[in-house]
Structures are given as C-alpha cells and as structure tokens.
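Colleague: turn this into a structure:
(chains A and B)
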Amino acid sequence: GQQLNQSPQSMFIQEGEDVSMNCTSSSIFNTWLWYKQDPGEGPVLLIALYKAGELTSNGRLTAQFGITRKDSFLNISASIPSDVGIYFCAGQNSGNTPLVFGKGTRLSVIA
Amino acid sequence: GAGVSQSPSNKVTEKGKDVELRCDPISGHTALYWYRQSLGQGLEFLIYFQGNSAPDKSGLPSDRFSAERTGGSVSTLTIQRTQQEDSAVYLCASSSGVVPLHFGNGTRLTVT
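Modeller: Down below sits the predicted model:
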C-alpha cells in the first residue's frame, strides 16, 4: 500500500528558531494535509494543499505541495513553546481512497 | 456539540472481552473515518464511511473488528475478543467532503 516517509522523527530546537519537516511518498498524491497533535487530543488540521506546486501559509506556518506530487514540506518560523507537539503529514490519492498518514515529527521547543 | 465527540474517553478491559467505541460526527458530515494510533506511532486507517456507499473496510486488522454507522450519523467500532495488541488510541474523524478531516479526541483502549 501507499506509504509516507516523514522526517525528521523528532526535533529539539531553541525558541525563536525556524523549523522544517518534510514528507515523501512512494506514489503520487492529489491532496496533502498537515496536522498537529497535542497530548491527549486528536490531530488538528493546520494546512491543506490541493494543487501541485501550491504554497500556502497559515500564520507562522508555510507548507508546499511538491511539483512531483510525491512530497510536501512544512516550515514553522520563529518557533514558540506552544508549537510543541507531533506534526503529521497526510496524503490522499483520489476521492475514493482513505487518507494516509506519516508517522509524525515530534517537536520540542526549548525556551 | 460543534466537534467530533467520542466516548468513552478511556476504556480498560480484560483480554477476551468485547468493547464498543462510539463516535458522534459533526452534524451534516457525510464522511466518517476510524483510525488507530499506537503509542508513539502514526495513524493507521481502519474503516471509512461515505454517505450511503458501502464502507471501505480495507484497513480492519482482523475479523474481530467491525464498525457500523447508523442513519448516516453515529458510528460504533466494535472489537470482539480483545487482545493486548489492540491497546491503542482509537480516533474518529468526519468530513463534509472527502478531506479535510476533523478529529475527535479519541478513546484510549487498554487491554489487560
């Protein structure tokens, strides 16, 4: 089946630093999504990407849908303590296939 | 409520018992998903309901797992004869289309 490789698995950064994480797929996706999960809660949608090459921002977050449709990245600028959590990428091939998730990037921010 | 509601939030059961997990999706959402998240892992797709179509059950790990969605709204995930490896957080999500998904806070299942 389809697999998403998400990297890095974990990151420790200083408050104020920028963060970059990415996801690659063995096959083409037509939709890429980025979610954040806080402890004890369900994932919350951060950014949705629907078109190859699309670059979308949400506050300090920026995500891009790769031109090949096999990758996506998420950048967080000027990190703050509340950015701590697990970030998941997710992709979908077509409207009738389930959303596939990466294994997540665990972000820790040191104040 | 405004979001996806799951109950119970925590469930401890003995090995071999059956459990039922409930999901109340956002009103009007036609799509409903169940995912499983093991400790420190990503989300594993289990089953997907879309409107009146036959559900996509391709992610169910064994025939001990089943799910129903009554009246196009509430869904119940049933695990029969639970095993210790079934311990995980079970997440439900709904959507007005196919994506994006809005998740509940999950049911943490512990099988002893």
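Colleague: contacts, neighbours, all on C-alpha from now
Modeller: Noted.
Colleague: does the residue nearest to the spatial centre of chain B sit in a helix or strand, and which one?
Modeller: Centroid-nearest residue in chain B: residue B:34, 3.5 Å away (criterion: C-alpha atoms, centre = their mean). Per DSSP states H and E: residue B:34 is located in strand B:31-37.
Colleague: with residue A:46 instead?
Modeller: Assigned by DSSP H and E, residue A:46 falls within strand A:44-49.
Colleague: likewise for residue B:59?
Modeller: Under the assignment here (DSSP H and E), residue B:59 is part of no helix and no strand.
Colleague: okay, and the beta partners of the residue nearest to the centre of chain B?
Modeller: Note on residue B:34: beta-bridge partners by DSSP bridges are residue B:47, residue B:92.
Colleague: which residues touch the residue lying closest to residue A:64 once chain neighbours are set aside?
Modeller: Spatially, and ignoring its direct neighbours in sequence, residue A:64 is nearest to residue A:55 (4.4 Å; C-alpha to C-alpha, 6 or more residues apart in numbering or on different chains). For residue A:55, the contacting residues are A:49, A:62, A:63, A:64, A:65, by C-alpha atoms under 8 Å, 6 or more residues apart in numbering or on different chains.
Colleague: and what of residue B:106?
Modeller: Contacts of residue B:106 by C-alpha under 8 Å, 6+ apart are A:41, A:42, B:6, B:7, B:9, B:89, B:90, B:91, B:92.
Colleague: ok, so of those residues, who is nearest residue B:23?
Modeller: residue B:6 (4.6 Å; C-alpha to C-alpha).
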